[in-house]
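[1] Sequence first, predicted model second:
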Protein chains: 2
Amino acid sequence: MPARRTPAMTDRPLRADARRNYDRLVAEAQVAFAEHGADTLLDDIARRAGLGVGTLYRHFPTREALLGAVVQEWTASVRTEAEMLTAQPDAAHALATWLRSLVRHMGVYRGLVAAMAASMEDSASALHPSCQVIADAGELLVTHARRQGAIREDVSAAEVLQMVTGLVWVCEQQPSADLSRLLRLALDSLRPPPHRG
Amino acid sequence: MPARRTPAMTDRPLRADARRNYDRLVAEAQVAFAEHGADTLLDDIARRAGLGVGTLYRHFPTREALLGAVVQEWTASVRTEAEMLTAQPDAAHALATWLRSLVRHMGVYRGLVAAMAASMEDSASALHPSCQVIADAGELLVTHARRQGAIREDVSAAEVLQMVTGLVWVCEQQPSADLSRLLRLALDSLRPPPHRG
DNA sequence: ACCTGAACACCGTTCAAGT
DNA sequence: ACCTGAACACCGTTCAAGT
């Protein structure tokens, strides 16, 4: 059987035309977000998909719901990547690699980090599940690093993600800010104190 | 002579009633921002000051202009604090102290960090001058620290402020995030490498 | 010279009518 | 069962009329 593309978040059955409209909306949203950021007019997305605004709202009652659908693919892939990196012998390197990958994904749409940061602890948000996937993945690698003593013991996975989220966001605000440099700094702060060996 | 309160940013002469209105607007903005964040309806601010919206726009053509006026006092004080801390023998401690103070000020109004982050490198913004004051103050203390070898050589003042700005912002987004813990982490990342001595 | 507030523009959201 | 798009609500900004 052929692989289904962009599966719906809720897998309740949809009428054929509704399913097609759903997919079109996600596809157009992806393009529009990439072009104009996560705050693009929802009206435009509907129009570009050749549909009425009402249809968009029916499928995605909030902007976060639409973002969630658009983001679903890469959050899953980033989660898988984390699982694979767990096998890496050098856990500090694994974490660094994963964070660099995460950061690249969170930067594709301007405004996406902001949306994800806001949804991270808001379980009512339709973006929350995607955030949870990221949080779990982070937990995986931080735990892995902690077991190896490759990271300070007093730092939680949540804190690591908070730092990184903050850095991605500032870099979005300030053109001259250099994300890879800031990320390197942040990673340095995670090192275990040298005194204990 | 009595000390003048809340001096206007531009010191061009104003008619007595205009000056009074200006001051009222700043005072009400301060209250409204503290209550509802930096995105409060400008309409409300005008109404609370007992003035028409047009008057607000006349004095403050953009929201940033109003924020700039509201923020002016503490940015100046934070700058003075930096100058005084330059006399501190322990430059790392001085920087840490200043950053903690800065962070406290940037957190008073929800949404203020976001506005300042956006204006930091946007010289067209009416908030830019206030940001520049902060940037200069930071430069002062980072240079001081660098002279003492109390900070890694490859970190700029701009980067320090970027990190800290990002942290304040995430903490505003996520209730469970602990700013003082994250700040401590960030400060650790600034330490010079132990190998050189 | 400055103030007022109605008018305008913009955009997110809903809902009655249609298929 | 789903779609459409006009209608509504909201809020930032302008500007003609007034003092």
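    Done, it's in.
[2] Just give the number of residues close to residue A:89.
    Neighbourhood size, residue A:89 [other C-beta atoms under 10 Å in any protein chain shown]: 7. All C-beta atoms are positioned from the backbone trio N, CA, C, and that covers glycine.
[3] Is it in a helix, a strand, or coil?
    Secondary structure state of residue A:89, per DSSP: H, G, I helix; E, B strand; the rest coil, is coil.
[4] wait, residue A:94 sits on residue A:144?
    Yes - taking contacts as C-beta atoms under 8 Å, residue A:94 lies within contact range of residue A:144: 6.6 Å.
[5] Need the overlap of contacts for those two.
    Residues touching both residue A:94 and residue A:144 by C-beta atoms under 8 Å, 6 or more residues apart in numbering or on different chains: A:85, A:86.
[6] The residue in chain A that DNA strand C sits nearest to - how many residues pack around it?
    Per C-beta to the nearest atom of the strand, residue A:54 is where chain A lies closest to DNA strand C, at 3.2 Å. Burial measure for residue A:54: 9 neighbouring residues, criterion other C-beta under 10 Å.
[7] and the host helix or strand of it with DNA strand D, contact?
    Taking DSSP states H and E as the criterion, residue A:54 maps to helix A:53-59. Yes - residues of helix A:53-59 contacting DNA strand D under C-beta under 7 Å from any atom of the strand: A:53, A:54, A:55, A:57, A:58, A:59.
[8] Provide a list of residues in contact with the third one.
    Spelled out, it's residue A:55. A:21, A:25, A:46.
[9] Count residues in the vicinity of residue A:175, would you?
    Using other C-beta under 10 Å, residue A:175 has 8 other residues around it.
[10] Excluding chain neighbours, give the residue nearest to it in space.
    Computed as C-beta to C-beta, 6 or more residues apart in numbering or on different chains, the closest residue to residue A:175 that is not its neighbour in sequence is residue B:121, at 6.0 Å.
[11] Please apply the same query to residue A:90.
    residue A:150 (7.6 Å).
[12] which bits of chain A sit near DNA strand D?
    A:14-15, A:17-18, A:21, A:50-55, A:57-59.
[13] go with 6 Å
    By C-beta under 6 Å from any atom of the strand, the part of chain A that sits against DNA strand D consists of A:14, A:15, A:17, A:18, A:21, A:51, A:52, A:53, A:54, A:55, A:58.
[14] If any of these are buried, put those into a ChimeraX selection.
    Per 16 or more other C-beta atoms under 10 Å in any protein chain shown, the buried members of those correspond to this ChimeraX selection:
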select /A:21,51,55
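[15] Let me know the closest of the residues of chain A next to DNA strand D to chain B.
    Using C-beta to the nearest C-beta, residue A:53 comes nearest to chain B of the residues of chain A next to DNA strand D, at 24.8 Å.
[16] residues in contact with the nearest residue to that closest one once chain neighbours are set aside?
    The spatial neighbour of residue A:53 that comes closest, neighbours along the chain excluded (C-beta to C-beta, 6+ apart), is residue A:46 at 4.7 Å. For residue A:46, the contact set (C-beta under 8 Å, 6+ apart) comprises A:25, A:52, A:53, A:55, A:56.
[17] and residue A:46, what element?
    Using DSSP H and E, residue A:46 falls in helix A:42-48.
[18] again with residue A:180
    helix A:179-190.
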